[in-house]
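1. structure here, sequence nowhere to be found:
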């Protein structure tokens, strides 16, 4: 994961260059095609996603509840509550690039850089879609 690219994502823009580099070491960047289901409602959550590019549809049951685009994130409950069941399904509606951080990686951030983990928590808590 390229730390410089994190600076263009609202969730990470409040981090210093050094902090972004530390996060980048623990995050992965993945490219996925349109139609890829990333999260299935009811399954256990292990990771958190940030959309760098592309789009996803969020559904609860058969109802679409949101469409998310670049800079949006989902699955954040997995950072704080390991093994929490997913409350919605999320599927890409366009080819997408995502930054993925597992709950385990986030706990590593907490242990190594508690101030960075707190900034991410604050950004998640203050983010309104």
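-> Received, thanks. Here the structure is a predicted model, which is why all the values come from computation and not from measurement.
2. may I ask which helix or strand of this protein has the lowest mean pLDDT?
-> Every helix and strand of the chain was ranked by mean pLDDT, DSSP states H and E. The lowest is helix 77-80, at a mean of 72.
3. that one packs against which elements?
-> Other elements packing on helix 77-80 under the criterion 3 or more C-beta pairs under 8 Å, 6 or more residues apart in numbering; DSSP states H and E are strand 47-53, helix 103-112, helix 114-126. All C-beta spots, glycine's among them, are computed from the backbone N, C-alpha and C.
4. from the contact counts, what lies against the last one?
-> What it means is helix 114-126. Judged by 3+ C-beta pairs under 8 Å, 6+ apart, the packing partners of helix 114-126 are helix 17-26, helix 77-80, helix 103-112.
5. need these in CSV (columns: distance to residue 49 and mean neighbour count).
-> CSV is the format used below for the helices and strands packed on helix 114-126 (distance: least, C-beta to C-beta, whole Å; neighbours: other C-beta atoms under 10 Å):
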stretch, distance to residue 49, mean neighbour count
helix 17-26, 14, 17
helix 77-80, 9, 19
helix 103-112, 12, 17
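6. model confidence score at the spatially closest residue to residue 12 that is not a sequence neighbour, please.
-> Distance criterion C-beta to C-beta, 6 or more residues apart in numbering; nearest residue to residue 12, sequence neighbours excluded, is residue 6 at 4.2 Å. Model confidence at residue 6, given as pLDDT, is 89.
7. residue 6 contacts residue 18, correct?
-> No: taking contacts as C-beta atoms under 8 Å, residue 6 lies outside contact range of residue 18: 11.8 Å.
8. which residue is nearest the centroid of this protein?
-> The residue lying closest to the centre of the chain (C-alpha atoms, centre = their mean) is residue 49, at 2.3 Å.
9. any idea how far residue 101 is from that residue?
-> With distances taken as C-beta to C-beta, to the nearest Å, residue 49 is found 8 Å from residue 101.
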